[in-house]
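1. Next comes the sequence, and after it the predicted model I'd like to discuss.
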Amino acid sequence: MNDSQQRLQDELESQPGWTRRFERWIEAHSKLSAILVLAVGFVIRLWAAWGTFLNPDEALHYLLADQSSWLLAYKASLTNAHPPLLTLVLYFWRGVGTTEFVLRLPSVIAGTAFCWIAFKWLTSMLGPATGFIGLVLVTFLPPMIALSAELRQYALLLFFLAGSAYLLERALAENSPATMLLSAMSLDFALLSHYSAILFATVIGVYSLLRLIARRPSGGISAAWVMGQASALGLIAALYVSHISKLKGEYAAGTIHGWLAKSFFRPGRDNPLLFAIARSGGVFQYVFGQLAVGDIAFLSFTAGVVLLWREKASPRDSSVTTRQLAILLVLPFALGAGFAIARIYPYGGTRHSAYLIMFAAAGVSFLMAKVVKQRIGSGIVLAILIVAVCSAFAQPHRPYMLRADQSRKQMIRALEFIRAQIPQSDLIFVDYQTRLLLGYYLCPQQPVSFSAPVGSFEDFQCGGHRVVAAGPDLYIFSTESFLRRWNDLLGSFRMKPGQGVWVIQAGWEVDLSQELENRFPEFHELNPQSFGKNISIFRLTAEQAAPVVAAQSN
């Protein structure tokens, strides 16, 4: 028994009896304890994935994959700002089922597996106490559950990122070229899952190079590492030529100048250092799902990195140095801030920074392990308390839907209203997010247009109704954009005097009817039908012109 273990044993003997028993049970059944945590997390994710209708982005991912061949699915994926892996997975997964719950199962499974691999990675680098604390955080923090219960790329991304990092540590520890190649393969799958993996690839490439330079590995390890780096660079180049280069203009318009504008540096308005600090704090607010706790976590991460840098010996007595670990934890945030300052990729408190989760959890968990003096049981209790606070006082970032409003029952009620109360002789007018949901729920056999000229309309039959939808450039109706498109609609489509036009909004930011009623006397009696706070239906008539001033506003 070394000195640190002896000190831990002496401190444990001084604790109350129940504490000693709990600590000893955890240490004696560490693997079982981790599996129990994981099992509870898996059940919670299953519950979170059950009983809610798809949000518009989830519907889009499914509709991209719902093609007659895998090649058409791949081509459809090129219209989206993400790599093709999720689309191809869903194309084949449809054979299992197409209900909301079944479609979300790959994310549930990948998200749960990520928690296990992150636990193994943290334990291998920073010790069992850090590993268990990190396991509790990534398993039970509300945003982590949400990411694993949605039909998105992030669960796959996190699974492959953690796999790449953990397999790299094993390859270096065991001097295994085969494991090094598996790490590279996992990184390639991450790159095919989400483009934020490019930042991770840069970080892990720099970190692994530092490790290799310091230890002078065998020729086999070096060759496997070079092959892995070459495969990642080749894949990035292929993705750039085939996809990224064709999305640059659309991506800039939709993100840099859109709802992610605050996550990009604004020259002449932002100070680079203050921007980096503020957006880093936003990352931790997102990861923990609570603003105050997120700020404390940011400070804890900073303190943990400083302590790690000043440590004299590796927490695991391995070949990795504490300064190499500190660089590994800090570099992703520095690189993320740099990309945002260069206006290449967003950085801040949104899901687009999900690639930083494992690094954020590592730094915070390391400090917490220090606070509890490496006692696993105490660390688990402390992590559970933090999760409880974050869950009880959750402050999710917009846009989001409350579970009650996203209940599948609300969608069923809305569909029943459309079928029973909207005459087929009337017109339905929707924004693009609603068009996506109609494509999944009301007319799943109707082909969807994933790209169209700016300002265009899509005119199609859906469930026996004629529907006119705004194109992908108008994802959500704002008051001004709706009024402009309303006048365009009246000028582009011949309708009988008095013909009804039903405006349906489903998804995020469903407040058009309220805004119209509050701001314009012409719309003071819309009488909208609401199905929760995220589905709204109201009726206008074909001769009802929009206010001139509003229609001309920007």
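-> All right, it came through fine.
2. need the helices for the stretch 201-350 of the chain, in chain order.
-> 219-239, 245-251, 272-288, 291-310, 322-341 (DSSP state H, counting those that start in this stretch).
3. got a pLDDT number for the closest residue to Arg279 other than its chain neighbours?
-> Excluding the flanking residues, the one nearest Arg279 by C-beta to C-beta, 6 or more residues apart in numbering is Gly348, at 4.2 Å. The way it works is simple: take the backbone N, C-alpha and C, and place the C-beta from them, glycine included. As predicted, Gly348 sits at a pLDDT of 94.
4. So that it lines up with my notes, have the first residue be 28 from now on.
-> Will do, 28 is the new start, and the previous item becomes Gly375.
5. okay but Gly375 is in contact with Phe311, surely?
-> No. Here Gly375 does not reach Phe311: they are 10.5 Å apart, not a contact under C-beta atoms under 8 Å.
6. Looking at those two, which has the bigger crowd around it?
-> Phe311 (27 against 23; other C-beta atoms under 10 Å).
7. Do you know the pLDDT at the more buried one?
-> 97.
8. just checking, it touches Thr329?
-> No. Contact criterion C-beta under 8 Å: Phe311 and Thr329 do not qualify, at 9.9 Å.
9. Next, work out how far apart His221 and Pro110 are.
-> In this view, His221 and Pro110 are 7 Å apart by C-beta to C-beta, to the nearest Å.
10. Quick check: neighbours shared by the two?
-> Common contact partners of His221 and Pro110 (C-beta atoms under 8 Å, 6 or more residues apart in numbering): Gln180.
11. Quick one: mean pLDDT for stretch 100-112?
-> 95.
12. Please identify the buried residues of it?
-> 100-101, 103-107, 109-112 (16 or more other C-beta atoms under 10 Å).
13. now swap in stretch 360-370 and tell me
-> 360, 362-368.
14. could I get it in CSV with only the CA atoms?
-> The C-alpha coordinates for stretch 360-370 follow below in CSV (Å, rounded to 0.1, in the frame of the first residue of the first chain):
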residue,chain,number,x,y,z
PHE,A,360,-12.1,25.2,-25.3
ALA,A,361,-9.3,27.3,-26.7
LEU,A,362,-9.8,25.9,-30.2
GLY,A,363,-13.5,26.3,-30.0
ALA,A,364,-13.2,29.9,-29.0
GLY,A,365,-10.7,30.4,-31.8
PHE,A,366,-13.0,29.0,-34.4
ALA,A,367,-15.8,31.2,-33.2
ILE,A,368,-13.6,34.3,-33.3
ALA,A,369,-12.7,33.3,-36.9
ARG,A,370,-16.4,32.9,-37.5
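15. ok, and what's touching it?
-> By C-beta under 8 Å, 6+ apart, the list of residues contacting stretch 360-370 reads 226, 229-230, 279, 283, 290-292, 299, 302-303, 306-307, 310, 372-375, 380, 383, 386.
16. before we move on, back to that, Gly491: which of the buried residues of stretch 100-112 is nearest?
-> Nearest to Gly491 among the buried residues of stretch 100-112, counting by C-beta to C-beta, is Ala103 at 25.9 Å.
17. pretty sure that closest one contacts Thr114?
-> Yes. Between Ala103 and Thr114 there is a contact at 6.8 Å, judged by C-beta under 8 Å.
18. and for these two, which residues touch both?
-> 91-92.
19. Quick check: phi and psi at Ala92.
-> Dihedral angles of Ala92 (phi, psi; degrees, to the nearest 10) stand at phi -80, psi -20.
20. got a list of what it touches?
-> Counted by C-beta under 8 Å, 6+ apart, Ala92 has contacts 100, 103-104, 113-118, 120-121.
21. If we use 6 Å, what do you get?
-> Ala92 is in contact with 100, 114, 117-118, counting by C-beta atoms under 6 Å, 6 or more residues apart in numbering.
22. if I look at it, how far off is Gln312?
-> Distance from Ala92 to Gln312, by C-beta to C-beta: 33 Å.
23. Check Ser405 too.
-> 26 Å.
24. host element of the residue of the chain positioned farthest from its centre?
-> Distance from the C-alpha centroid of the chain peaks at Pro524, with 46.5 Å (C-alpha atoms, centre = their mean). Assigned by DSSP states H and E, Pro524 falls within no helix or strand.
25. Need the phi and psi values for it.
-> Per degrees, to the nearest 10, the backbone of Pro524 is at phi -60, psi 130.
26. That one: what's it in contact with?
-> For Pro524, the contact set (C-beta under 6 Å, 6+ apart) comprises Glu570.
27. so can I have TSV of the helices of the stretch 228-377 of the chain showing distance to Trp77?
-> Below are the helices of the stretch 228-377 of the chain laid out as TSV (distance: least, C-beta to C-beta, whole Å):
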stretch	distance to Trp77
helix 246-266	34
helix 272-278	33
helix 299-315	24
helix 318-337	27
helix 349-368	33
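28. and of these, who's closest to Arg425?
-> helix 299-315 (11.5 Å).
29. Check which helices and strands the closest one sits against.
-> Counting contacts by 3 or more C-beta pairs under 6 Å, 6 or more residues apart in numbering; DSSP states H and E, helix 299-315 is packed against helix 318-337, helix 349-368, helix 384-398.
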